[in-house]
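Visitor: the following comprises the amino acid sequence and a computationally predicted model.
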Amino acid sequence: MRNAQQALGRYGEEVAARRLERDGLRILERNWRCRQGELDIVALEGDTVAVCEVKTRSEQGFQRPEEALDQTRGERLRVLAERWLSERWPAHFARLAEVAVPGPAPLPPGGVRIDLVAVVSRARGAARVEHLRGVV
């Protein structure tokens, strides 16, 4: 059962990344991990960093993907986003985003938001994907 859930999760993250790229977001990092947890996708939309939590469910599931993001998980995502910014943004990704300011890299000009990408795997046909911006 666990392997099936992991496979569904990997499938959902792949579908979500393709959808975000199709919608014009630039994927900066996938599956970033630290001791406190993991960020599924970190992307750049214009000058805004979007930290994307991907929730995938089967069409036969009893819970919708967006129902899995509660206050506790939202707070954990905020902490992880802050850590990602402090560790990864200044040294590497600010250059990729073409933030050209002398000295330490500033925060993203458009700020940071936490999004949810809800993926529902269907028995037939393409998965249903919904990108909910700024949910936390």
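Guide: Perfect, thanks for sending it.
Visitor: and the longest helix seen in the chain, what's its mean pLDDT?
Guide: Identified as the longest helix of the chain according to DSSP state H is helix 2-22. Helix 2-22 carries an average pLDDT of 94.
Visitor: next one: stretch 107-115
Guide: 88.
Visitor: over to stretch 76-93?
Guide: In this model, stretch 76-93 has a mean pLDDT of 85.
Visitor: what's the offset of that stretch from the middle of its chain?
Guide: Taking the mean of its C-alpha atoms, stretch 76-93 sits 13 Å from the chain's own mean (Cα atoms, centre = their mean, to the nearest Å).
Visitor: what does the longest helix of the chain rub up against?
Guide: Here helix 2-22 makes contact (Cβ atoms under 8 Å, 6 or more residues apart in numbering) with 27, 30-31, 40-41, 43, 50, 52, 54-58, 117, 119, 121, 127, 129, 131. C-betas here are computed from N, CA, C, even on glycine.
Visitor: restricting to C-alpha, output stretch 6-22 in CSV.
Guide: Extracted C-alpha coordinates of stretch 6-22, given in CSV (Å, rounded to 0.1, in the frame of the first residue of the first chain):
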residue,chain,number,x,y,z
GLN,A,6,4.5,6.9,-3.0
ALA,A,7,4.0,6.2,-6.7
LEU,A,8,0.8,8.3,-6.7
GLY,A,9,2.6,11.1,-5.0
ARG,A,10,5.5,11.0,-7.5
TYR,A,11,3.0,11.0,-10.4
GLY,A,12,1.2,14.0,-8.9
GLU,A,13,4.4,16.0,-8.4
GLU,A,14,5.4,15.3,-12.0
VAL,A,15,1.9,16.4,-13.3
ALA,A,16,2.0,19.5,-11.1
ALA,A,17,5.5,20.5,-12.3
ARG,A,18,4.5,20.2,-16.0
ARG,A,19,1.3,22.2,-15.3
LEU,A,20,3.2,25.0,-13.5
GLU,A,21,5.8,25.2,-16.4
ARG,A,22,3.0,25.2,-18.9
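Visitor: thinking again about what came up before, past the longest helix of the chain, which element shows up next along the chain?
Guide: Per DSSP states H and E, the first helix or strand lying C-terminal to helix 2-22 is strand 26-34.
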